[in-house]
Each structure stands twice: as structure tokens, then as C-alpha cells.
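Colleague: need a structure here:
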Amino acid sequence: MSQAAIPLHRQAIEDGLREFLDDASLQQAMDHWQRQYADQPSTALQRFVSDIYSAYDISASRATVLRSLLKAINLNGDALPGAPKSRRTGAPLNQRSEAFSLLIDAIMVQLEAEEQRRLLLEYFAALRKKHLPPGLLITLQSWLAKRDASAAPNADNAQLRFLLNQLYILLCDHLGPVKADRCLARAVNNVNQQYPLMEELISQFL
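Modeller: As a prediction, this is how the structure comes out:
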């Protein structure tokens, strides 16, 4: 996250937490966020919420708190100078790409290490033949090596849908259509359960 964006992002986190904590606890929670999470991608909010649940007595569910934080961040994102937006959904491109990265990870963890390695090698080889924009191809290569959500390809819904379809084709080749369908369905369900507000984003490139 850019240094210029951090104050606005901090305000969004504070707004999202305000209904769950008293003033003193809120300030302590925000100091913790500043030290540990200010430069982390929005997927780190899951860990931040776990931290504050360990430190404070919060009656609302974790999912409710997480939704509140993500809603505040999405609303606050309109104020960020030059923040890229989806033309269809208004969602920040980086958040949508994080959702895509989480889904791919949820698919991969269902496979053995050697199967993952072979699938990713074939995936990138297949994508190289599709004449993708050079910048996107380079980003994909780096991301496939690390699969860090913060480095996920900054692509639109159509491109993410295409990338997922290409992976699904390879899954069908490796596992068969029935197992590939189950693998994808489990991955979608797991991400939606862990990151409730990612559900709408993910649904747009399925």
C-alpha cells in the first residue's frame, strides 16, 4: 500500500471498528493495526480481526466485524487519488485480483505438491500461447512463482475469467471433469466462508 493511501485506509479501518469497541479500545486496536498491518493487503484483515478478538470482548461475530471493515474500506476507496476501479462493479482492481489469487490458492491446496508443480508449469505454457498483453504475462509469471495475493495480476473481470477458464481446462485434463468441478466448487465455498465479502467479486469471473 502506498504511504499516501495509509491515512485514508486507517480512517476506514477505524470507521469499520467504531461500533464494536469503546474509544480506548479502539485507539489501542488502531495502534496495533498501524504497527502490524498498515502496509499489508486487505486479505490481512482476517488476521487483524483475529488479533482484536483475542484482545477484546466483542459480542458480534467475526464475519460481522470483517464485513464492516471491508465495507468501510470499499466506501473509503472512492477518496483515494488515482485508485483504479472496475467499470462494472466499482471494486478496486487490487481487491478483485486478491480474490482471484485466493481462489487459485484454494484450488491448489487440494492438490499434491508435484501435481501443483506440473499444473502450474502447464498453465503458464498454455497462457504464453494465448498472446496475452506482455505486462500481464510478466505479472502472471511472477505471481505463479510466489502466489502472493498482493502481487496478483491486476486484470479486469474478462481477463480473470479467461485465466480461470484456462486453469479449469487443465484441471479437467489432470483430474477429469467430475473431480475438477468438485475441486473448483470446494475452492469457491472455502474462500466465500473465510472472506465473505469476496463472494461477489469471485462470482463475476466464474
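
Colleague: Tell me the pLDDT of Ala24.
Modeller: You'll see Ala24 listed with a pLDDT of 92.

Colleague: how about it, secondary structure?
Modeller: helix (DSSP: H, G, I helix; E, B strand; the rest coil).

Colleague: do you know how far it is from Asp31?
Modeller: Distance of Ala24 to Asp31, computed by CB to CB, to the nearest Å: 11 Å. All C-beta atoms are positioned from the backbone trio N, CA, C, and that covers glycine.

Colleague: lowest average confidence, helix or strand, in the protein?
Modeller: helix 62-76 (a mean of 72; mean pLDDT, DSSP states H and E).

Colleague: Surely Phe20 touches Arg62?
Modeller: No - taking CB atoms under 8 Å as the definition, Phe20 is not a contact partner of Arg62, at 10.7 Å.

Colleague: More neighbours: the two, which one.
Modeller: Phe20 (18 against 14; other CB atoms under 10 Å).

Colleague: Give me the nearest residue to that one, chain neighbours excluded.
Modeller: Ile58 (5.2 Å; CB to CB, 6 or more residues apart in numbering).

Colleague: for the one you found, helix, strand, or coil?
Modeller: When classified by three-state DSSP, Ile58 comes out as coil.

Colleague: so it touches Leu17, yeah?
Modeller: No - here Ile58 does not reach Leu17: they are 9.4 Å apart, not a contact under CB under 8 Å.

Colleague: Those two: which has the busier surroundings?
Modeller: Neighbours were counted for Ile58 and for Leu17 using other CB under 10 Å; Leu17 has more, 23 against 16.

Colleague: who are the neighbours in contact with the more buried one?
Modeller: For Leu17, the contact set (CB atoms under 8 Å, 6 or more residues apart in numbering) comprises 26, 29-30, 52, 65, 68-69.

Colleague: separation between the residue nearest the centre of the chain and Gln159?
Modeller: Nearest residue to the geometric centre of the chain (CA atoms, centre = their mean): Glu98, 2.7 Å. According to CB to CB, Glu98 and Gln159 sit 15 Å apart.

Colleague: my read is Gln110 is in a helix, agree?
Modeller: No - counting by three-state DSSP, Gln110 is not part of a helix but coil.

Colleague: No further queries at this time; thank you.
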